[in-house]
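Chemist: pasting the sequence and the predicted model now:
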Amino acid sequence: MSNNYSGISINEYIPDTDADEEKIIDGFLTLDNFKHEDFYSVIRFSENTKNFLGHAINLDKVSHKDFKVLTKSELLEFFDKLWPKENILPLDKLNIHLLDKFCSIIKQTPTDKFYLIAREFFDLTIGENAVMVDERLQFDITIYNPYCLIIWFDKKTLNVCEYLSD
């Protein structure tokens, strides 16, 4: 799902292991498994991908410990605060519409445990040579607003959703 500047992409994976959820998440958050081009068809089908932003998080430094574990109602409340319904700007209305579509999917999801990492959880200070002070972030995070990565399990399926706007 996307509008002019924002996108929500949901992918499903079947993990090869019966490990616990945290180990599966840590195993997924690698460059070999969490491929940015898997999420956005505009990247996947483009001949020139050098102009597209990459990951917002540094996969070498992030683990399941950096995620907040939320219930369904807590996750929906987080998104409600992210884009308050009172916004009147046309761009905000598009983002609210996109987010409402995503929230309707979450409401239908049978699980009540979601792993969330969001731009708001980090210090976005930039140090020398345009390097992020928080090593868990890539410089692209400064452009994304918002950026959220949501992971949940549905039976044996790992669901990974990235919500971002630039």
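Modeler: Sure thing, it's come through.
Chemist: and the next helix or strand past the least confident helix or strand in the chain by mean pLDDT?
Modeler: Least confident helix or strand of the chain, by mean pLDDT, DSSP states H and E, is helix 41-44 with a mean of 49. Reading on from helix 41-44 to the C-terminus, the next helix or strand found by DSSP states H and E is strand 68-70.
Chemist: can you name the element that comes right after that following strand?
Modeler: Heading C-terminal from strand 68-70 (DSSP H and E), you reach helix 72-82.
Chemist: quick one: contacts of that following helix?
Modeler: Outside helix 72-82, the residues within contact range by C-beta atoms under 8 Å, 6 or more residues apart in numbering are 70, 99, 102-103, 106-107, 109, 111-112, 114, 116, 118, 146, 148, 150. The way it works is simple: take the backbone N, C-alpha and C, and place the C-beta from them, glycine included.
Chemist: among these, which ones are buried?
Modeler: By neighbour count, with 16 or more other C-beta atoms under 10 Å, the contacts of helix 72-82 hold 70, 99, 102, 106, 114, 116, 118, 146, 148, 150 as buried.
Chemist: so for the contacts of helix 72-82, which is the shakiest by pLDDT?
Modeler: When the contacts of helix 72-82 are compared by pLDDT, Pro146 scores lowest at 74.
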